[in-house]
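1. Task: produce atomic coordinates for the following.
(one chain, ligands or ions: 1)
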Amino acid sequence: MNASQKELIKATVPILKKNGNDLITYFYQRMLSNNPELKNIFNMANQASGKQQNALSGAVLAYAENIENPTVLINTLKSIGNKHVSLNIQPEQYDIVGNHLIGSIKEVLGDLATTELIDA
Ligand code: HEM
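-> You can find the predicted model right below:
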């Protein structure tokens, strides 16, 4: 990642703080309607309470906020990784989540989602 990409990511911090939860709520609706098989994996009670949305939007925000030095997130990442391993999440499922996350960012940001920003 180059310096201008880091600047683009940093510029998303206020947007993520304000609209991160809406983005992630949109993402889950998009993903679970296109990949309903994942409903068996996610705890639907945590979806309904918003707990899962808060966890993911918090993780995305923390990554953007620490883009200059993501190693500070190592303990958090280890705990997220342990959670996913305990749930037997498979590598190909990261592609599904990643594609829906990027797709949601494009759709929610509209014209603001430039190719440069999405690449970053
Ligand atoms: C972009 C990559 C991902 C990030 C940043 C992420 C982030 C998180 C976070 C922060 C938590 C909460 C951890 C905790 O409570 O300790 C979590 C839990 C969870 N994640 Fe992920 N995750 C990612 C990918 C995936 C994938 C690919 C799957 C499976 C398709 C998945 C399924 C789950 C499930 C089932 C939980 C438990 C929540 C529940 O009880 O419903 N995650 N994830």
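
2. rest of the way, CA atoms for contacts and neighbours
-> Fine.

3. Helix or strand next in line after the helix or strand where residue 82 lies, which one?
-> Taking DSSP states H and E as the definition, one finds residue 82 inside helix 74-86. Toward the C-terminus, helix 74-86 is succeeded by helix 91-109 as the next helix or strand (DSSP H and E).

4. outside of the helix or strand just after that following helix, which residues touch it?
-> Using DSSP H and E, the helix or strand that follows helix 91-109 in sequence is helix 115-119. For helix 115-119, the external contacting residues (CA atoms under 8 Å, 6 or more residues apart in numbering) are 5, 8, 9, 102, 106.

5. Most neighbours among those residues, which one?
-> Neighbour counts for these (other CA atoms under 10 Å) peak at residue 9, which has 20 neighbours.

6. Tell me who's in contact with it.
-> Residues near residue 9 by CA under 8 Å, 6+ apart: 64, 67, 117, 120.

7. Can you tell me which of the residues you listed lies closest to residue 98?
-> Of all the contacts of residue 9, residue 98 sits closest to residue 120, with 13.5 Å by CA to CA.

8. separation between the closest residue to the closest one other than its chain neighbours and the ligand?
-> Spatially, and ignoring its direct neighbours in sequence, residue 120 is nearest to residue 5 (5.1 Å; CA to CA, 6 or more residues apart in numbering). Residue 5 sits 18 Å away from the ligand when distances are taken as CA to the nearest ligand atom, to the nearest Å.
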